[in-house]
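Visitor: only geometry, no sequence info:
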């Protein structure tokens, strides 16, 4: 593969231009502005639930979009140009990308917590770094993880969300014999299901509002699934587990599912919160949490789980291929966003192809 120079050239990129609005624009191509950077050709972008927060409401908490803004952070790419300090990456190398850029110097980075770096920049996050919905992006080489020839671009684009699922599984701190519920069978919940089943011999209960997603959960080995639109999940699961569950992983970002998690847990259990609520505040029944002595564990991105995620998917320990249900071109970005935002047509994970 020959070397390319993109100085003074333009590229296509997809921008949010207002609530529920997307435009494809031509903008200057990025340049390598630091010696350890690489220029990537973006191959495939996964549409994430957090992108939908920005699309529907223009914010997540105090992270408020100033339009126009480019979102997107789940992607696979090919290296086309490297800086002099980019290490062993070469043009033509296919990579999965960790979209988090850390400072490497703050107390959090020094404590092996780069995911809570105090000066971090995250792709697609307002005020930090524009997202990957563009033909080209420049990023530090340390964010790029070469993938084997056997891995597809779609699988590589799933590495970022699956690495968060792995981090959630680690934080749950369970083991063989665990009784666990996953509330919300979107891409993150299904990734958690794959992670916990690969780690432990456990009994898994998965809930959602969409039958299609529950069907994927059964494909991935869920022991029990329930549609929360048709029955009350708490008594339904309690009928199977009258003593309560050891762990609940909340992946829906809803007050209702957080409340269900507290009710479902046995004394001493752990509620792991992966879902991102659209509201700035949530509440808990403190009497129930205190009486049961429950532990509440939030999950912030992933913490050095990308390499393990690649190994597990490439090695067949987890198969997330059933998550990828829809495919779009860059020109169809708004169509993809509308589909995912409205949960239509059985969508689980939509992929936008840029090459």
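Guide: Arrived safely. All values reported here derive from a predicted model rather than from experimental measurement.
Visitor: please count neighbours and contacts with C-alpha atoms only from this point.
Guide: Noted.
Visitor: can you give me the end-to-end span of stretch 31-39?
Guide: Start-to-end span of stretch 31-39 (C-alpha to C-alpha, to the nearest Å) is 7 Å.
Visitor: same check on stretch 326-345?
Guide: Stretch 326-345 stretches 9 Å from its first residue to its last (C-alpha to C-alpha).
Visitor: and it, how far out from the chain's middle?
Guide: 17 Å (C-alpha atoms, centre = their mean, to the nearest Å).
Visitor: same check, this time on stretch 152-165
Guide: Chain-centre distance of stretch 152-165: 8 Å, with C-alpha atoms, centre = their mean.
Visitor: where does residue 35 land in three-state SS?
Guide: Recorded secondary structure, residue 35: coil (DSSP: H, G, I helix; E, B strand; the rest coil).
Visitor: sorry, wrong one. I was asking about residue 108.
Guide: helix.
Visitor: and it, what does it touch?
Guide: Going by C-alpha atoms under 8 Å, 6 or more residues apart in numbering, residue 108 touches 114, 116, 117, 118.
Visitor: distance check, the first one against residue 122.
Guide: Pointing back at residue 114 there. 12 Å.
Visitor: more neighbours: which of those two?
Guide: Neighbours were counted for residue 114 and for residue 122 using other C-alpha atoms under 10 Å; residue 114 has more, 24 against 19.
Visitor: identify each buried residue in stretch 182-202, please.
Guide: Neighbour-count burial for stretch 182-202 flags 182-197, 202 (criterion: 16 or more other C-alpha atoms under 10 Å).
Visitor: residue 109 and residue 305, how far apart?
Guide: Here residue 109 is placed at a distance of 15 Å from residue 305 (C-alpha to C-alpha).
Visitor: then residue 265?
Guide: Here the criterion is C-alpha to C-alpha. By it, residue 265 lies 27 Å from residue 305.
Visitor: those two: who's more crowded?
Guide: For residue 265 and residue 305, the more surrounded residue by other C-alpha under 10 Å is residue 265, and the numbers stand at 27 against 19.
Visitor: and for residue 292, the neighbour number?
Guide: Neighbour tally, residue 292, other C-alpha under 10 Å: 16.
Visitor: and which of the contacts of residue 108 is nearest residue 261?
Guide: residue 116 (25.3 Å; C-alpha to C-alpha).
Visitor: mind listing what that closest one touches?
Guide: Residue 116 sits next to 108, 109, 300 when contact means C-alpha under 8 Å, 6+ apart.
Visitor: again, only using 10 Å
Guide: Residue 116 is in contact with 102, 106, 107, 108, 109, 300, 301, 302, 303, counting by C-alpha atoms under 10 Å, 6 or more residues apart in numbering.
Visitor: mind checking the SS state of the residue lying closest to residue 317 once chain neighbours are set aside?
Guide: Distance criterion C-alpha to C-alpha, 6 or more residues apart in numbering; nearest residue to residue 317, sequence neighbours excluded, is residue 198 at 6.6 Å. In three-state terms, and counting by three-state DSSP, residue 198 is helix.
Visitor: then residue 95?
Guide: Of the three states, residue 95 takes strand under three-state DSSP.
Visitor: for it, which residues count as its bridge partners?
Guide: Beta-bridge partners of residue 95, counted by DSSP bridges, are residue 77, residue 146.
Visitor: wait, doesn't it sit right on residue 158?
Guide: No. Counting by C-alpha atoms under 10 Å, residue 95 does not reach residue 158; the two are 11.9 Å apart.
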